[in-house]
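Asker: sequence and predicted structure are below.
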Amino acid sequence: MVEPFVITTEPLDPAPLVAAVQTPDDGAVVTFSGVVRNHFGGRPTAFLVYEAYTEMAAPVLRQIADEARARWPIGKVCVHHRVGRLEIGETAVLVVVAAPHRDAAFAAAAYIMDRIKEIAPIWKQEHWADGAAEWRE
Amino acid sequence: MVEPFVITTEPLDPAPLVAAVQTPDDGAVVTFSGVVRNHFGGRPTAFLVYEAYTEMAAPVLRQIADEARARWPIGKVCVHHRVGRLEIGETAVLVVVAAPHRDAAFAAAAYIMDRIKEIAPIWKQEHWADGAAEWRE
Amino acid sequence: MITVTVRFFAGHRDIVGKATAQYTLTEGTTLGQLWEQLVAEYPRLAGYTGRLLFAVNQQFGQPATVLADGDEVAFIPPVSGG
Amino acid sequence: MITVTVRFFAGHRDIVGKATAQYTLTEGTTLGQLWEQLVAEYPRLAGYTGRLLFAVNQQFGQPATVLADGDEVAFIPPVSGG
């Protein structure tokens, strides 16, 4: 049984989330993977550290999914966000949305990501290749 | 080595495609899975049979990805489409798009699906639960 | 005279009853003219006129595309992949 | 008087130097008033005024939200998840 809204220090794997959202009514599953890039604004990144207000963040992810469900006809949603130290190429967030039709699945997944970046109490600390570190705002 | 544009009778698995498109420059990977639904227009479906003009369809998938790349700043793209008999819940198509930023990845993946449904020489035969069959147009 | 191979898919194959056929045509025959010939031979194809994509040698073509000896032609009924 | 727990995250925790603190306040104190008190105590927090989200007991609140004894408060600096 996959929990739908999770903050975890473990590496993220989309396969069980995709399996968890699928029902026979849904013709579309959209998966967004947010991956650690090797630079930001042209400055080389060494790694990132993510931190969350975990007790609040997981319910906020659920609230955001409910907002999406109020706007588009979608089925099940899973959102998992990783915290702790992440290396370049590792997945920081997975948003998986099932829907009867693809337009709703795409729109809802994009909306959920937008809202995560607006209100989910999760923070990213950029550790630059030159050794400096700062919280991204 | 994953071929990017493939027509296959084998079951589809997104994991190797997601791995194949990722580069350290890309912060976003969007995966679309098109899944066989249990009904269409309210009428119960038993299974689907997909057919392709394979020698043409794989190059058309590549052409569609190139169209998307001309419109949005995206990285690598994989599109795999399954043919043959597919049961309810099986994946018929996978579109995987990597990009530096998520907006381009979402837009390109949605565009690629739209164009597949417009021009890719692939056909779906609906086998209804009542035993009738017809090509969807 | 030129000889071309026509491939039939999906609903077209059901109507025509075969997946490929060879046609010997006068030089200068276009894709559109070949389609008209097929409709004359298989009247049930008529319903697809105006809803087709055209292909020659696995590339999209136009009704005015002139055929050449050895071409592989496909009249693509409305697609429904994905 | 009431006692509330304040949790600090990310840049706030760096400024304050701790992850949680307890504050004893007069009844009727609002989230906004507690934030002003924190800015007075830690002037480097001032740059976050107007860029915060407010939370009480893991639910979003407003500056005018009145605090109650035992509340868990968080002033959420600009988020950057995803």
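Answerer: Received, thanks. On a predicted model such as this, the values are computed, not experimentally measured, just so you know.

Asker: burial check on C:M1, number of neighbours?
Answerer: C:M1: 8 surrounding residues under other CB atoms under 10 Å in any protein chain shown. For glycine as for every other residue, the C-beta is placed from the backbone atoms N, C-alpha and C.

Asker: my read: it touches C:G28, true?
Answerer: No: between C:M1 and C:G28 there is no contact under CB atoms under 8 Å: 10.8 Å.

Asker: mind listing the shared neighbours of those two?
Answerer: Shared contacts of C:M1 and C:G28, defined by CB atoms under 8 Å, 6 or more residues apart in numbering or on different chains, are absent.

Asker: list the contacts of the residue in chain C that chain A sits nearest to.
Answerer: In chain C, the residue that lies nearest chain A is C:G82 (8.1 Å; CB to the nearest CB). The contact partners of C:G82, taken as CB under 8 Å, 6+ apart, are B:34, B:81, B:92-93, B:113, B:116-117, B:120, B:122.

Asker: against B:D114, how distant is it?
Answerer: 9 Å (CB to CB, to the nearest Å).

Asker: and what of A:V60?
Answerer: 32 Å.

Asker: and the strands in chain A, which stretches?
Answerer: Counting by DSSP state E, chain A has these strands, from start to end: A:5-8, A:28-35, A:39-40, A:43-52, A:77-82, A:84-87, A:91-99, A:122-128, A:133-135.

Asker: ok, back up a step: who has more neighbours out of A:V60 and B:D114?
Answerer: Remark: of A:V60 and B:D114, A:V60 carries more neighbours, 27 against 15, as counted by other CB under 10 Å.

Asker: give me the neighbour count for the nearest residue to that one once chain neighbours are set aside.
Answerer: Spatial nearest neighbour of A:V60, excluding adjacent residues (CB to CB, 6 or more residues apart in numbering or on different chains): A:A120 at 5.0 Å. Neighbour count for A:A120, taken as other CB under 10 Å: 28.

Asker: and residue 10, what does it touch?
Answerer: Just so you know, I chose chain A. A:R82.

Asker: oops, wrong one, chain C.
Answerer: Shown in contact with C:A10 (CB under 8 Å, 6+ apart): B:51, B:123, B:125, B:135, C:77.

Asker: which other helices and strands does the lowest-mean-pLDDT helix or strand in chain A contact?
Answerer: Of all helical and strand segments in chain A, the minimum by mean pLDDT, DSSP states H and E falls on strand A:39-40, at a mean of 92. Strand A:39-40 sits against no helix or strand, with contacts defined as 3 or more CB pairs under 8 Å, 6 or more residues apart in numbering or on different chains; DSSP states H and E.

Asker: can you tell me the distance between the two ends of stretch A:117-128?
Answerer: This stretch, stretch A:117-128, spans 21 Å end to end (CA to CA, to the nearest Å).

Asker: ok, stretch C:73-82 next?
Answerer: First residue to last in stretch C:73-82 (CA to CA) measures 24 Å.

Asker: count residues in the vicinity of the closest residue to A:A92 other than its chain neighbours, would you?
Answerer: Leaving aside its chain neighbours, A:A92 sits nearest to A:G34 (4.8 Å; criterion: CB to CB, 6+ apart). Neighbours of A:G34 under the rule other CB under 10 Å: 22.

Asker: state the distance from A:G34 to A:H81.
Answerer: 9 Å.

Asker: A:P59 too?
Answerer: Distance, A:P59 to A:H81, using CB to CB: 13 Å.

Asker: out of the two, which sits in the busier spot?
Answerer: Using other CB under 10 Å, the more surrounded residue of A:P59 and A:H81 is A:H81, with 26 against 12.

Asker: now do the contacts for the more buried one.
Answerer: A:6-8, A:50, A:52, A:57, A:61, A:92-94, A:116, A:120, A:122, D:81-82.

Asker: kindly recompute the last result at 10 Å.
Answerer: A:H81 makes contact with A:5-8, A:12, A:34, A:50, A:52, A:54, A:57-58, A:61, A:91-95, A:116, A:120, A:122, D:81-82, according to CB atoms under 10 Å, 6 or more residues apart in numbering or on different chains.

Asker: stretch C:39-52: which residues count as buried?
Answerer: C:39, C:45, C:48, C:52 (16 or more other CB atoms under 10 Å in any protein chain shown).

Asker: how about those residues in CSV, adding distance to B:F40, secondary structure and pLDDT?
Answerer: As requested, the buried residues of stretch C:39-52 are exported to CSV (distance: CB to CB, whole Å; DSSP: H, G, I helix; E, B strand; the rest coil; pLDDT from 0 to 100):
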residue, distance to B:F40, secondary structure, pLDDT
C:V39, 29, helix, 98
C:L45, 25, helix, 98
C:Y48, 21, helix, 97
C:L52, 23, coil, 96
